[in-house]
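S.K.: any chance you could fold what I've pasted below:
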Amino acid sequence: MPIDDLRPAIDWGKYQTLTIERRDTGILLITIAEPDGYPAPTLTRRHTEISCLWRDFADDPDLRVAVITGRGERFWTVEGNDGIDEMLQNPGNYNNTVNLIREGLTNAHGIVNCDKPIISAINGEAMGSGLATALLADISVASTDARLIDGHLLQGIAAGDHSVMIWPLLCGLAKAKLYLLASADLTGEVAERIGLVSLAVPPGDVLDTALGIAQRMAAGPQHALRWTKRSLNHWLRTAVPAFEASIAFEAMSFFGPDLVEALTAQVENRSPRFAEPLPW
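M.R.: Residues are numbered from 1 along each chain as shown. Reported below is the predicted structural model:
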């Protein structure tokens with residue numbers, strides 16, 4: 001029995017925070033925005049959906065390449081105080097924290113272990129799980145004026161999600177430490193210069209450039225393409241222990257006072273006053 005006969009058909013309509021378009025050329029276009037008719041997404045729902053996405057993409061026999069982008073001027077970000085109430089439910093909540101760990105691991109491992117190529121079209125501000133998705137993609141095309149923000153330390157939590165696994169490999173340890181430890185954001189133009197993204201192009205060219213690359217890949221030899229990606233990603237697999245340590249430390253941060261202080265300071269429009277560290 002062919003293995004495809006054992007796999008259930010993919011229900012692409014289940015995604016409420018992502019707009020999914022399956023193209024005849026074998027390209028899956030994912031837009032990080034709710035489809036028309038759905039209510040505004042929650043962070044929790046979006047995290048869950050993005051963690052499920054890559055397995056569905058891998059299992060759909062008609063799909064060859066995925067392109068993921070955002071809508072408007074944002075790739076993935078939190079606007080204003082949106083999502084803060086959700087995040088404030090996590091500190092000290094063991095079940096919520098376990099879910100965050102599971103979904104962060106599933107998203108990262110799903111991208112790395114999916115043999116089909118994934119391209120990110122970073123059209124604007126990217127942070128959190130969206131930045132993880134954008135930079136773990138096999139090819140990343142960023143707008144020159146996009147803002148890439150790993151804001152973990154700004155929120156009083158250890159940098160997890162993805163950065164410990166891939167930033168040192170992409171841009172070197174010195175630059176990774178500069179931007180992660182100093183909580184400095186960078187533009188797409190700077191990200192290309194230091195090697196953090198594959199390409200930086202003018203804002204209006206981001207999606208077309210990504211789709212052009214996807215079309216070339218979709219027309220190529222699929223077994224050779226997937227085996228090459230699988231082999232290259234062994235570089236990332238060597239960093240999995242460091243990545244899993246980082247996401248565990250991030251989870252520990254949810255049980256300390258600094259996250260609550262950072263989020264409260266954001267709501268009150270003031271600088272956070274972080275706690276003194278405990279002695280090791």
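S.K.: C-alpha from now on. contacts and neighbour counts both.
M.R.: Fine.
S.K.: the helices in the stretch 101-250 of the chain, which residues?
M.R.: 128-136, 163-171, 173-181, 188-194, 206-218, 222-232, 234-237, 240-253 (DSSP state H, counting those that start in this stretch).
S.K.: what packs against the helix or strand that the longest one is followed by?
M.R.: It stands for helix 240-253. The helix or strand immediately downstream of helix 240-253 is helix 258-268, counting by DSSP states H and E. Packing partners of helix 258-268 (3 or more C-alpha pairs under 8 Å, 6 or more residues apart in numbering; DSSP states H and E): helix 84-88.
S.K.: measure stretch 256-274 end to end?
M.R.: Start-to-end span of stretch 256-274 (C-alpha to C-alpha, to the nearest Å) is 10 Å.
S.K.: can you list the low-confidence ranges for this structure?
M.R.: Within the chain, the set of residues satisfying pLDDT under 70 comprises 1-7, 36-41, 78-91, 280.
S.K.: so residue 154 touches residue 260, yeah?
M.R.: No - using C-alpha atoms under 8 Å, residue 154 makes no contact with residue 260, being 11.5 Å away.
S.K.: check which helix or strand the residue lying closest to residue 15 once chain neighbours are set aside maps to.
M.R.: Distance criterion C-alpha to C-alpha, 6 or more residues apart in numbering; nearest residue to residue 15, sequence neighbours excluded, is residue 49 at 6.6 Å. Element membership of residue 49 [criterion: DSSP H and E] is helix 43-59.
S.K.: need the residues that contact that helix.
M.R.: Residues outside helix 43-59 that contact it (C-alpha atoms under 8 Å, 6 or more residues apart in numbering): 7, 10, 15, 17-18, 28, 63, 66, 83, 86, 103-104, 106-107, 110-111, 114-116, 129.
S.K.: centre of the chain to it, how far?
M.R.: In this view, helix 43-59 has its centroid 11 Å away from the chain centroid, taken as C-alpha atoms, centre = their mean, to the nearest Å.
S.K.: that one to helix 128-136, inter-axis angle?
M.R.: Angle, helix 43-59 to helix 128-136, by axes from the mean of the first three to the mean of the last three C-alpha atoms, to 10 degrees: 30 degrees.
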